[in-house]
Each structure stands twice: as structure tokens, then as C-alpha cells.
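> Next input, structure requested:
(chains A, B, C and D)
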2 protein chains.
Amino acid sequence: MRSSTTAWEALFRAQVTVMREIQKLPEFKALSTREYDVLFNLSRCESGTSRLSDLNQYLLISQPSLSRMADRLESKGLLARRQDPTDQRAVLFSLTDEGAALQKSMGREHIKGIHALIGTALSSEEFATLQELSTKLRQHIEAS
Amino acid sequence: MRSSTTAWEALFRAQVTVMREIQKLPEFKALSTREYDVLFNLSRCESGTSRLSDLNQYLLISQPSLSRMADRLESKGLLARRQDPTDQRAVLFSLTDEGAALQKSMGREHIKGIHALIGTALSSEEFATLQELSTKLRQHIEAS
DNA sequence: CACATTTGTATGCGTTTGCATGTAATAGCA
DNA sequence: TGCTATTACATGCAAACGCATACAAATGTG
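Residues are numbered from 1 along each chain as shown, chains lettered A, B, ... in the order given. Here you go, the predicted structure:
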């Protein structure tokens, strides 16, 4: 009972602390971290496209918020919407060339920023362990 | 370069996944997770009070947002504002009895929910390691 | 095959948020 | 001491958010 909740609290506090610093980084003047996260997740789809509802699974924002955020990203020319040919209800999102390029450049800066921020906080082995345990935790929930 | 950023991504994704589930828990119908977080942080102050700016250090929301959230929590009778006698600019927040009681009851439900959600995801040793590494990561940033 | 249910997305609307800025108190300095 | 800079919080305002709901397409059911 105790170990899982204290571990969660520690993980959550670490996330808040890192996130506070990340939001200050200059690359997030153009796009908020939430918006970047949409581009990032889309860039990770091997098909290059994703339904709104599938994308929403990996984000903290609500479905209506994502729908409207997509409007904005679309009007900025970063994202393209098209109908799913196999399901007329569904919408498929994909990055435009411009969106993909912006994601890449923000991603590069983001990596630099993260490294500068936490690069020396833990050893390589510790980072690997943290990654492994975080992934295991996430997968446990996704599997249930 | 790589190990720190992939570990951060994994930690962040885990946080999103856990948080999505937490937000669905029934106890967060009364108060949002952000609002609960304010009560939680206040409950952890050994003095029982905290300046707005100090409290804000541990939260992701902006200072103006916290100021207005405090207005709402105050009007709900959960929080009390008073002036810092040693600094006329500053405001000291503290939980009212009602606020402390609500935090405790939400905290209890929260712990149950977390345990039900992730209790069996990792072993006790793994949770302890996750907690230790997360804390070390956070402290590295806070120290800089 | 009609009809109810479910699923996927969009929209109305009130609330919450952040940015820029205002105001007042303190600190720093010449 | 007087003046500037800084710090702490609040407020105006537009943007973004979530909830409830509407709508349309797909699925299930008799």
C-alpha cells in the first residue's frame, strides 16, 4: 500500500519539477508543451497518421480540447485532417511537412534542454533503471 | 545525452498514463487534481502555512492562476488567507479545518485508488528504487 | 431489415488558464 | 536618506479548457 503511493508521489513531484523548467525553454515560445506533445506523438506513429481518439489516449487533455487544438494546429499549417476511408465517423491526423520539420527542430532543442537540465542527475545505469521501471509501470496500466 | 532524455520520456509517459486514470477517480469530482494538489502541498507544510509564491514553486500552474484558484478555494471555505506580519506584500495560506478534513479524506481515497491502479505493477524493491531515483532527479534540479 | 445502442468527433457554454501589467511593500545602493 | 530595482500578489483580458450534448456513422439485436 505504502510503497506504491510514495513512489507515485515521488515520480509525480519529479515530473512537475522537470516540467516547470522545460516550459521555460525558448523552443516552447512557439508552441506550448501540450501542443508539442501532439506533434511528438504523431511523429511516433509508424503509419504517420492517427485517429483523434487514438491520439487522445496518450494525452491528458480532453477529447473536445484535442479537437479544437487540432483546429489551431491545422490553421497554422502544422497538421492535416482527413477522413478515415474505412470509417466515415473517424478523422485521421497527420503532420504536414512543416509540422514534421517543426517537431524535429523542437525535438532537438528539447533533447538539449533536458540533457542540460538532468544529464548529470543520475548515472547511465540509474537512468536506464528509471526508464525501465517507468515503462513497466505504464505498461501495467495500459494492459489492464 | 540519450539515456537522460529517454528516461525522461518514459517517466513523463508513465505520469500521463497514471494521471489519466487518477482523474477518473470519484474523489476528484469535488475538486480537480490541481486543486487537490494545493491542499495536499499545504497539508505538508510543517508550519501549516505557506506563501503563495512558495506554494507555487511546487505546482505547474502560473502565479496568477494560483492566486485565483486560492480565491475559489477560499470562497469554498477550504483555505484561509492572511497577511504575513513580517512582509506586508506577502500572503500566507493555510487550510481551514474543513479544508484539512477534505484533504485527508481525499488523500485516503487517492491512496486507495493509486494502490488499486499500480499496486501490483512493480515489486516493493522496484517501487523503492523508482521512488529513490525520482527523488534524486528532482533534488538535482531543485539544488541547481 | 428496422430500430436501439454504441462509437467518433464537433460545438455551445461557462470556467479556468496564462500573459501582460498594475500596485504596493521591501531591498539595495549611492 | 532618497531613489531605483526587485519582489509579492492581484487583475484585465483573450485564449484554452472541460463538461454536457448534438450529430452522424457504425454496430448490434429482435
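> contacts, neighbours, all on C-alpha from now
OK.
> Could you pull up the contacting residues of residue A:62?
residue A:56 (C-alpha atoms under 8 Å, 6 or more residues apart in numbering or on different chains).
> Swap in 10 Å and give it another go.
Residues near residue A:62 by C-alpha atoms under 10 Å, 6 or more residues apart in numbering or on different chains: A:53, A:56, B:20.
> Narrow these to just the buried residues.
Neighbour counting over the contacts of residue A:62 (16 or more other C-alpha atoms under 10 Å in any protein chain shown) leaves A:56, B:20 as the buried ones.
> wait, which of the contacts of residue A:62 is closest to DNA strand C?
Using C-alpha to the nearest atom of the strand, residue A:53 comes nearest to DNA strand C of those, at 3.4 Å.
> Please identify the helix or strand for that closest one.
In this assignment (DSSP states H and E), residue A:53 forms part of helix A:52-56.
> Residue A:92 now?
Assessed by DSSP H and E, residue A:92 sits inside strand A:87-95.
> What score does the residue nearest to residue A:12 when sequence neighbours are not counted have for pLDDT?
Leaving aside its chain neighbours, residue A:12 sits nearest to residue B:15 (6.5 Å; criterion: C-alpha to C-alpha, 6 or more residues apart in numbering or on different chains). Residue B:15 is assigned 97 on the pLDDT scale.
> Moving C-terminal from the helix or strand where residue B:15 lies, which element do we reach first?
Assigned by DSSP H and E, residue B:15 belongs to helix B:2-22. Next in sequence after helix B:2-22, counting helices and strands by DSSP H and E, comes helix B:33-44.
> Just the C-alphas of that following helix, formatted as CSV.
Provided in CSV are the C-alpha atoms of helix B:33-44 (Å, rounded to 0.1, in the frame of the first residue of the first chain):
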residue,chain,number,x,y,z
THR,B,33,-6.4,17.2,-9.2
ARG,B,34,-4.8,20.7,-9.4
GLU,B,35,-6.9,22.0,-6.6
TYR,B,36,-6.3,18.9,-4.5
ASP,B,37,-2.6,19.3,-5.1
VAL,B,38,-2.8,22.8,-3.5
LEU,B,39,-4.5,21.3,-0.4
PHE,B,40,-2.0,18.4,-0.4
ASN,B,41,1.0,20.7,-0.5
LEU,B,42,-0.4,22.9,2.2
SER,B,43,-1.0,19.9,4.4
ARG,B,44,2.6,19.0,4.1
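> tell me the mean pLDDT over it?
96.
> Report the distance from it to the chain centre.
Averaging C-alpha positions (C-alpha atoms, centre = their mean, to the nearest Å) puts helix B:33-44 5 Å from its chain's average.
> Kindly report the same for stretch A:37-53.
Centroid separation for stretch A:37-53 versus its chain: 10 Å, with C-alpha atoms, centre = their mean.
> do that stretch and DNA strand C meet?
Yes - using C-alpha under 7 Å from any atom of the strand, we find that stretch A:37-53 touches DNA strand C at A:51, A:52, A:53.
> before we move on, the earlier item: touching, the residue nearest to residue A:12 and residue A:11? I think so.
Yes - in this structure residue B:15 lies within contact range of residue A:11 using C-alpha atoms under 10 Å: 7.4 Å.
> Point out the residues in chain A that sit beside DNA strand D.
Near DNA strand D, when you scan chain A using C-alpha under 7 Å from any atom of the strand, you find A:34, A:60-66, A:68-69, A:72, A:86-89.
> and which of these is nearest to residue B:104?
residue A:60 (25.3 Å; C-alpha to C-alpha).
> Can you give me every residue that contacts that closest one?
A:34, A:66, B:15, B:16, B:17, B:18, B:19, B:20, B:21, B:23.
> Could I have the buried ones of those residues as ChimeraX selection syntax?
Selecting the buried subset of those in ChimeraX, with 16+ other C-alpha under 10 Å as the burial test, is done by:
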select /A:66 /B:15,16,17,18,19,20
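> Noted, bye for now.
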